[in-house]
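Participant: how would this look folded up:
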Amino acid sequence: MVVGSGKHGLVSSRRSLAAVAVAIVLAVAGCGSDQGGSSNQSAGSGQARDSNDGSGSILNFTAPTVEGEEFDAASLQGQPAVFWFWAPWCPICASQAPDVTALTADYAGAVNVVGVASLGTQPEMVEFIARTDTSSLTHLDDEVGAVWQRFGITEQSTFAIVDAAGTVTYAGYLEPDELTDRVAQLAG
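Facilitator: Residues are numbered from 1 along each chain as shown. Purely as a prediction, here's the structure:
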């Protein structure tokens, strides 16, 4: 890019930089994609789909599991849930696995825990689950990032806490004791 001298060259340069910045933000944010996934996508394609029941709930979607089955998040309505957003190559995610597994066992029947894998391939997800011994959880195959986008997740490892009404009450990184405390409060 040639930058002219004087005021007009500086303005042109700033406009060019602003245009590039906007393009990058739109590309990263997935501008133009359907927030909850397209309703004509099959669950087997790795794409979350809105269930279109009109409720507007964050839990109004279906997505494939790592095992290839269809998961209907609406089945979680009426009970608190923790969504654990992880990546198969993430050492922090791997280190959290024992705490997440313990949490799943401690709150079985009171709080649902769902892993949401992305930023890797399905075989890498399967290997992570085996390596971290987290097969007791339901894990969604979100290779395309539709569920991450639905929850506004931009990095691993992130937890999204959803109350019984289907409202996200917290989304972000949590240390093990913070996660335990939040889930204990959620379970009542």
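Participant: can you tell me how far the residue nearest the centre of the chain is from Val116?
Facilitator: Residue closest to the mean C-alpha point of the chain, counted by CA atoms, centre = their mean, is Trp148 at 2.8 Å. Going from Trp148 to Val116 by CB to CB, to the nearest Å gives 7 Å. Heads up, the C-betas are built off the backbone N, CA and C, glycines and all.
Participant: who touches both of the two?
Facilitator: Residues touching both Trp148 and Val116 (CB atoms under 8 Å, 6 or more residues apart in numbering): Phe85, Asp142.
Participant: so what's the residue nearest to the centre of the chain up against?
Facilitator: Trp148 neighbours (CB under 8 Å, 6+ apart): Phe85, Val116, Ser118, Asp142, Thr154.
Participant: kindly recompute the last result at 10 Å.
Facilitator: 30, 48, 83, 85, 87, 116-119, 140, 142, 154-156, 158, 160 (CB atoms under 10 Å, 6 or more residues apart in numbering).
Participant: from the residues you listed, pick the one nearest Thr167.
Facilitator: Thr167 has its nearest neighbour among those in Ala160, at 10.7 Å by CB to CB.
Participant: checking the closest one next. Helix, strand or coil?
Facilitator: strand (DSSP: H, G, I helix; E, B strand; the rest coil).
Participant: can you pull the pLDDT of it?
Facilitator: Note on Ala160: pLDDT of 97.
Participant: correct me, but it touches Tyr173?
Facilitator: No - counting by CB atoms under 10 Å, Ala160 stays clear of Tyr173, with 11.2 Å between them.
Participant: now for Trp86, how many residues are close by?
Facilitator: By other CB atoms under 10 Å, 29 other residues sit near Trp86.
Participant: state the number of residues packed around Ala87.
Facilitator: Residues near Ala87, counting by other CB under 10 Å: 20.
Participant: contacting residues around Gly78?
Facilitator: With CB under 10 Å, 6+ apart, Gly78 has these contacts: Leu59, Ala164, Ala165, Gly166.
Participant: and the residues you listed, which is closest to Val126?
Facilitator: Leu59 (25.2 Å).
Participant: dump stretch 103-122 to CSV, restricted to CA.
Facilitator: In CSV, the C-alpha atoms belonging to stretch 103-122 read as follows (Å, rounded to 0.1, in the frame of the first residue of the first chain):
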residue,chain,number,x,y,z
LEU,A,103,-18.2,-33.0,39.3
THR,A,104,-20.3,-35.1,36.9
ALA,A,105,-20.3,-38.0,39.5
ASP,A,106,-21.0,-35.8,42.5
TYR,A,107,-24.0,-34.0,40.9
ALA,A,108,-25.4,-36.9,38.9
GLY,A,109,-29.2,-36.4,38.7
ALA,A,110,-29.0,-32.8,39.9
VAL,A,111,-26.8,-31.0,37.3
ASN,A,112,-26.1,-32.1,33.7
VAL,A,113,-22.5,-31.8,32.5
VAL,A,114,-21.9,-31.7,28.7
GLY,A,115,-18.5,-31.4,27.0
VAL,A,116,-18.4,-29.4,23.8
ALA,A,117,-15.4,-30.3,21.7
SER,A,118,-14.1,-28.1,18.9
LEU,A,119,-10.8,-26.8,17.4
GLY,A,120,-9.9,-30.3,16.3
THR,A,121,-11.1,-33.3,14.3
GLN,A,122,-13.5,-36.0,15.5
